[in-house]
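# Sharing a model that was predicted from the sequence below.
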Amino acid sequence: MVIDNDTVLIKYKFRGYNCPATVYIFNKLDVPLYVDWKRSSFILDGKNIRHFDETSFLQAEAMASATKISGNLSTSSEITGTITHSPAVSFVPPRSYVEGSPINLRHSFFQAPVDGYEIIRFPGFAPLKVGSFAREENPFSFRHFLTLSTAPDLSTMFSFDIEFWTRNIATSGSRPASLPIKRSQDQFFLSKPAEGYAFAGVMLVILMVAALAAN
């Protein structure tokens, strides 16, 4: 999925389990570009899912030692680590790119219309039930609001508001890695277990760009 103009090239990837939404931004200008992650979000069912997370994470290692001298035991310990958090702004030099961290947008099956499906059979695999949907009737949609600037202080902001909807859904009892289907970056998988079984079925979802607005 590609958004392309004279300023920027934007690509989206959703391939994998649970809709891992990833945005790729290539700066086509001769001046730096800045991605404002604080003002960029996925919007799902009205909920704001931000790229920027103010939570900091500590990755630490602990080392301990003990020394016994003349019957006395002496111990010491040391903890070292790094505190990390997601960036608020990404600097993108001319003719280079940055890629956002994946954000999982869906973790469970959703209710899809029951009519209008086609059954596709592959030898040795569970049947594949495939349905196609128009924008008005699709069972899963969301938006991505992306804010960029050409100024370090973000004084010249411009934005993209991109809507995605479900183009196709396929369900099967076979594992997705084994299905003899063409893979693409606009596909993602959902799976659910059945009682007493590790795996019951998979839902393959193919997304489509619905609309684009730039300010």
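Arrived safely, thanks for sending. Treat the numbers as computed from the prediction; the structure is a model and nothing was measured.

# Okay, and the beta partners of Lys11?
Lys11 forms beta bridges with Val2, Tyr24, as assigned by DSSP bridges.

# right, and it touches Tyr24 too?
Yes. The criterion here is Cβ atoms under 8 Å, and Lys11 meets it with Tyr24 at 4.1 Å. To be clear about C-beta, it is placed using only N, CA and C from the backbone, and glycine gets the same treatment.

# Strand partners (parallel or antiparallel) of the top strand by length along the chain?
Determined from DSSP state E, the single longest strand within the chain is strand 157-172. Sheet pairing of strand 157-172 (DSSP bridges) gives strand 128-132 (antiparallel), strand 141-149 (antiparallel), strand 201-214 (antiparallel).

# List the buried residues in it.
Phe160, Ile162, Glu163, Phe164, Trp165, Thr166, Arg167, Asn168, Ile169, Ala170, Thr171, Ser172 (16 or more other Cβ atoms under 10 Å).

# what element comes up after that strand heading to the C-terminus?
Downstream of strand 157-172, the next assigned helix or strand under DSSP states H and E is strand 187-192.

# elements contacting that following strand?
When contacts are defined as 3 or more Cβ pairs under 8 Å, 6 or more residues apart in numbering; DSSP states H and E, strand 187-192 packs onto strand 201-214.

# what is the mean pLDDT for the strand it packs on?
In this model, strand 201-214 has a mean pLDDT of 60.

# what is the mean pLDDT for the longest strand of the chain?
Average pLDDT, strand 157-172: 87.

# That strand to strand 187-192, inter-axis angle?
On the basis of axes from the mean of the first three to the mean of the last three Cα atoms, to 10 degrees, strand 157-172 is oriented at 50 degrees to strand 187-192.

# where in this structure is pLDDT low?
Filtered on pLDDT under 70, the chain yields the residue ranges 1, 54-86, 111-116, 176-178, 193-204, 206-215.

# again, only using 50
Residues of the chain meeting the criterion pLDDT under 50: 56-58, 60, 84-85, 196-200, 211.

# I'd like the distance between Pro87 and Thr22.
15 Å (Cβ to Cβ, to the nearest Å).

# What of Pro93?
20 Å.

# Show me which of those two is the more surrounded one.
Using other Cβ atoms under 10 Å, the more surrounded residue of Pro93 and Thr22 is Thr22, with 16 against 12.

# residues touching that one, list them.
By Cβ atoms under 8 Å, 6 or more residues apart in numbering, Thr22 lies in contact with Tyr12, Lys13, Phe14, Glu99, Gly100, Ser101, Pro102, Ile103.

# All set now, cheers.
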